[in-house]
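[1] take this sequence and fold it.
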Amino acid sequence: MNYEHDHPFIPAHHQLSLLIDLSRQYHLDDHILLSGSGLFLQDILSANKKISYLQFMKVLYNAKHHFHSDDIHFLFGQRCLTTPFNHALKSILYAQNFEQVLQRCLEFHAFVCPWLTPKIMKNDHEVIIYWLNVPRDHEGLFLLEMSMSAFKALSRDVFGEKVAWQFDFNIEEPDYIEQYWSHLGDQLHFKQPISCMRLAIEHLQKPLQQYSFTLSSTSYIQAKYEIEKYKLQQSFLEAIYQYLMQHIAQGVSLESTAHHFSMSSATLKRKLKKHNSSFQAQIDQCRLHTAIILQRVHGFNGDQIAHHLAINDPTNFRRAFKRWCGLNIQQFV
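    Next up is the predicted model:
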């Protein structure tokens, strides 16, 4: 069973408490921050309220629209993965090396970064963090910037020093570039096929200064138990993504996907709409991610990628790639 956007699984007193504290520093009333979310300050202070993804996102978007500071999401991001609210974050902060940090971020993402689901790809030179189902609007960019700020702060915390991240964005250079320089640095690349952050591969096995065998191990066991207890291994959209990625080269349809998940095509369409997506959007995302993995990890050229995706007409492939990410295939390979 996969959890959905309206399933209450996020402890309200964890990362939202950081946003409450920031709102008070910036003189934003609690009621405005929580407006429309179905939450009250007492729910957070009770320390036993669980909220859904939708409620969490409502509060985040309230922060985006009402904070007096334009960089609130960068500031929130810097704190939300470095504060040990739960066993999952403790297991990460006391991990042995950065590869283990990233593996646990993926495994426990429901407790670690519930706003966007991270994924990892690696080649001989670098490790790449990217995210699933990023809205293609200002809210999506808000979440990306917050996530990048969070992972950058996490890496600095566990390494005990700055590390040289490269940041790619699937947008034109924004007007507020100074905020990027301030919070992310100057290794920025725009008009890229996907938004992601990249780090030299040798960082993965470096020992971390806060490593504790006992704290890391016991926290991991407890986080694993909680993930399994509340059935939070995969969200609905992540399950769809995994299935499509496994079958994208063989060809998939709405009907075959619905059959795999034991539901009708109409039910699958309705569930995807409930999650602000569509079957075509899911297919496009998986084809784009497959193309990027084939090129960056396996060194495929454009013709090889098209063949793997069973798109035999070069014109159709060029048009499809342009639709997926807004770039020409020649800009990518």
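
[2] going along the chain, name the strands of the stretch 201-333 of the chain.
    Under the criterion DSSP state E, counting those that start in this stretch, the stretch 201-333 of the chain contains no strands.

[3] tell me where the model's unsure across the chain.
    Scanning the chain for pLDDT under 70 picks out 1, 333.

[4] do that again at 90, thanks
    Residues of the chain meeting the criterion pLDDT under 90: 1-2, 26-27, 67-70, 136, 249-251, 312-315, 327-333.

[5] longest helix in it, by residue count?
    In the chain, with assignment by DSSP state H, the single longest helix is helix 138-159.

[6] pull out the buried positions in that helix.
    Applying a neighbour-count criterion of 16 or more other Cβ atoms under 10 Å, one finds 140-155, 157-159 buried in helix 138-159. (Each C-beta comes from the backbone N, C-alpha and C, glycine too.)

[7] who does it touch, helix- and strand-wise?
    Where contact means 3 or more Cβ pairs under 8 Å, 6 or more residues apart in numbering; DSSP states H and E, helix 138-159 is packed against helix 53-66, helix 72-80, helix 87-93, helix 98-107, strand 126-132, helix 177-183, strand 196-200.

[8] so who does the closest residue to residue 267 other than its chain neighbours touch?
    Spatially, and ignoring its direct neighbours in sequence, residue 267 is nearest to residue 258 (6.9 Å; Cβ to Cβ, 6 or more residues apart in numbering). The contact partners of residue 258, taken as Cβ atoms under 8 Å, 6 or more residues apart in numbering, are 264, 265, 267, 268.

[9] with residue 261 instead?
    So residue 261 contacts 239, 240, 243, 268 (Cβ under 8 Å, 6+ apart).

[10] isn't the first one up against residue 2?
    Yes. Between residue 239 and residue 2 there is a contact at 4.6 Å, judged by Cβ atoms under 8 Å.

[11] what is the burial count for residue 249?
    Residues within reach of residue 249, counting by other Cβ atoms under 10 Å, total 14.

[12] still on that earlier bit, quick one: buried ones out of the contacts of residue 258?
    When those are checked for burial by 16+ other Cβ under 10 Å, the buried set is residue 268.

[13] just the contacts of residue 258 now: which is nearest residue 8?
    Proximity of those to residue 8, judged by Cβ to Cβ, is greatest for residue 267, which lies at 22.1 Å.

[14] now do that closest one against residue 283, distance only.
    Per Cβ to Cβ, to the nearest Å, residue 267 is found 18 Å from residue 283.

[15] what's the answer for residue 122, then?
    According to Cβ to Cβ, residue 122 stands 25 Å off from residue 283.

[16] neighbour count: the two, which is higher?
    With neighbours defined as other Cβ under 10 Å, residue 122 and residue 283 compare such that residue 283 has more, 19 against 14.
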